[in-house]
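J.: pasting the sequence and the predicted model now:
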Amino acid sequence: MKNISAKWLLTLIVVLGLFVVFWPSYDSKVSAKEKNIYKEIKTFNEVLDMVQKNYVEQVDSSTLIQGAINGMIKTLDPHSAFMTPEVYKGLEEETQGHFGGLGIEITLVKDVLTVVSPIEDTPAYKAGVKAGDQIIKIDGKSTKDISIVEAVKKLRGKKGTKVTITIMRESMVKPQNIVLTRAEIQVKSVKTKTFDNNIGYIRISSFNEKTAADLRRALDDVKAKSNPMQGLVLDLRNDPGGLLNQAIEVSDMFLRSGVIVSTRGRTKSMETKMQARDDGSREVTVPMVVLVNEGTASAAEIVAGALQDNGRALIVGTQTFGKASVQTVIRLEDGSALKLTTARYYTPKGRSIQAEGIKPDLIVKLKKPSKDTADSQTDEMMREKDLEGHILPAGGDGREVDDHKVDNSKEVDDLDKDNQVRTAVDILRGWHMMKKTLAN
């Protein structure tokens with residue numbers, strides 16, 4: 001199918017290239033811009049022909065055309081991508097909550113392959129891979145000029161097989177090799193616990209197809225363990241996001257009315273406005289604190305923005321990543337797919353947080369316990385504005401926003417070690433005490 005598609009595309013390019021030669025006499029009403037597009041297609045056809053005839057080695061036409069497509073999409077923004085059938089299948093598995101690999105979110109920062117965040121309880125997470133780590137080699141081969149698609153292909157593999165990544169981070173004197181054993185990644189996106197027998201804590205690590213259903217069960221579990229539940233901490237720190245529809249469903253569990261999120265793009269079909277629905281007694285109505293940091297992105301920012309703008313929760317932590325663009329995955333005839341940025345999303349009050357992020361109501365930086373200072377410094381995590389080619393805010397001028405430094409060490413359970421969780425719990429304790437005092 002791939003070869004047939006390539007041949008058809010070559011034929012189309014040739015026809016269009018020839019068409020350009022006679023185009024001016026064919027229709028004088030065609031705009032100069034359209035004529036220029038066909039001239040460029042003709043140039044592409046000439047270059048393709050020269051490479052096929054004169055390159056030192058024979059090159060498959062499909063490889064050349066795929067390379068051209070990848071190059072075209074790469075010029076758009078960091079989140080648009082062309083996916084081969086193999087990579088597209090991997091994406092589908094990932095959004096379903098299980099896939100084979102190492103358990104890391106990756107991106108390109110100034111053309112360097114960089115870890116956005118490790119996914120909890122995965123080989124990469126357990127080996128100590130951290131957000132911001134630069135992957136400079138995979139199995140001894142340099143990642144210079146590698147694409148995200150190529151990197152994903154190299155990092156993923158059969159369960160039980162090994163891969164060696166060479167990483168570099170600011171605290172290292174020299175690069176370090178880490179040998180990882182690939183595993184089937186089962187993403188458990190929701191975890192729970194309780195404090196004081198009446199304050200619930202729910203952590204969402206990503207937004208996949210099961211997140212909303214898992215959250216509903218988690219809320220029921222926390223309610224059952226509380227006596228009764230008088231406050232809730234929703235932890236979205238280092239949550240890289242995921243599916244938009246899951247972010248909407250999650251937000252709706254805490255809202256009885258109001259806008260959750262709206263999207264706007266170039267086409268009318270991309271203009272949407274999602275409203276919360278009143279489900280009666282099913283909504284959680286207790287006071288809420290939402291924890292965020294620079295690793296909170298995309299779908300997680302939608303939830304934080306919806307709860308903040310509707311006055312439903314207090315946002316605590318540090319400024320979020322700032323990815324407020326919508327990617328639509330379009331499946332192509334040969335099984336490949338195009339992941340294309342098609343819209344920006346806006347918070348209920350009409351804010352576009354693209355490349356800016358959500359500013360917490362209360363800024364609280366994560367502090368490392370003194371005994372952990374060996375691995376040390378407080379690293380500045382990257383955000384959307386640091387990615388080359390990022391989309392500017394709607395009507396934005398590319399201005400910088402205030403930066404907040406945050407430690408990206410592993411999540412800890414003890415309130416004595418996690419000052420952000422402790423702050424959230426203290427706020428809810430005080431909220432309850434004030435309510436109780438005022439009632440008397």
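T.: Right, received. Where do you want to start? Numbers count the residues shown, from 1 in each chain.

J.: list the buried residues for stretch 353-371?
T.: Neighbour-count burial for stretch 353-371, counted by 16 or more other Cβ atoms under 10 Å, picks out 353-360, 364, 366, 368. (C-beta placed from N, C-alpha, C; glycine too.)

J.: what's the closest of those residues to Leu215?
T.: Of all those, Leu215 sits closest to Ile358, with 19.8 Å by Cβ to Cβ.

J.: ok, back up a step: the buried residues of stretch 353-371: which two are farthest apart?
T.: Using Cβ to Cβ, these span at most 30.8 Å, a distance reached by Gln354 and Lys368.

J.: what about the nearest residue to Asp196 once chain neighbours are set aside, how many neighbours?
T.: Leaving aside its sequence neighbours, Asp196 sits nearest to Arg429 (Cβ to Cβ, 6 or more residues apart in numbering; 7.0 Å). The burial count assigned to Arg429 is 16, neighbours taken as other Cβ atoms under 10 Å.

J.: all helices for this structure, in order.
T.: In the chain, the segments counted as helices under DSSP state H are 2-26, 32-54, 61-74, 85-95, 123-126, 148-155, 211-225, 244-252, 299-309, 419-439.

J.: for the third one, which helices and strands make contact with it?
T.: Put plainly, it is helix 61-74. Other elements packing on helix 61-74 under the criterion 3 or more Cβ pairs under 8 Å, 6 or more residues apart in numbering; DSSP states H and E are helix 2-26, helix 32-54, strand 81-83.

J.: what about 6 Å?
T.: Secondary-structure packing of helix 61-74 (3 or more Cβ pairs under 6 Å, 6 or more residues apart in numbering; DSSP states H and E): helix 2-26, strand 81-83.

J.: ok now the shortest one, how far from the chain's centre?
T.: Read it as strand 81-83. 15 Å (Cα atoms, centre = their mean, to the nearest Å).

J.: so for the nearest residue to Gln319 once chain neighbours are set aside, what's the pLDDT?
T.: Nearest residue to Gln319 in three dimensions, chain neighbours excluded: Gly357, at 4.7 Å (Cβ to Cβ, 6+ apart). If you check Gly357, the pLDDT there is 93.

J.: measure Gly357 to Met229 for me?
T.: Taking Cβ to Cβ, to the nearest Å as the measure, Gly357 falls 30 Å from Met229.

J.: low-confidence ranges, the stretch 251-400 of the chain, go.
T.: Applying pLDDT under 70 to the stretch 251-400 of the chain flags the ranges 369-390, 392-400.

J.: how about the strands in it?
T.: For the stretch 251-400 of the chain, applying DSSP state E, counting those that start in this stretch gives strands covering 259-265, 272-275, 288-292, 314-317, 325-331, 337-346, 362-363.

J.: who does the third one pair up with?
T.: Strand 288-292 has the following sheet partners, assigned by DSSP bridges: strand 231-235 (parallel), strand 314-317 (parallel).

J.: quick one: closest of those strands to Lys110.
T.: strand 314-317 (26.3 Å).

J.: how is the protein partitioned into domains?
T.: Domains of the chain are assigned by automatic domain parsing as 2-74, 98-186, 190-327+342-439.

J.: tell me the most buried of these?
T.: Highest mean neighbour count among those (mean count of other Cβ atoms under 10 Å): domain 190-327+342-439, with a mean of 19.

J.: and that one, how far out from the chain middle?
T.: 14 Å.

J.: do stretch 332-340 as well
T.: 20 Å.

J.: check stretch 182-193 too.
T.: Chain-centre distance of stretch 182-193: 17 Å, with Cα atoms, centre = their mean.

J.: how about stretch 148-166?
T.: On Cα atoms, centre = their mean, the centre of stretch 148-166 falls 19 Å from that of its chain.

J.: hey, least reliable of the helices and strands packed on helix 61-74 by pLDDT?
T.: helix 2-26 (a mean of 47).

J.: just to revisit the earlier point, who wins for proximity to Leu108 among the strands of the stretch 251-400 of the chain?
T.: Among the strands of the stretch 251-400 of the chain, strand 337-346 comes nearest to Leu108, with 14.6 Å by Cβ to Cβ.

J.: the closest one versus helix 299-309: what angle between them?
T.: Angle of strand 337-346 versus helix 299-309, following axes from the mean of the first three to the mean of the last three Cα atoms, to 10 degrees, is 10 degrees.

J.: check which helices and strands strand 337-346 sits against.
T.: Secondary-structure packing of strand 337-346 (3+ Cβ pairs under 6 Å, 6+ apart): strand 81-83, strand 259-265, strand 325-331.

J.: that's all I had, so thanks and see you.
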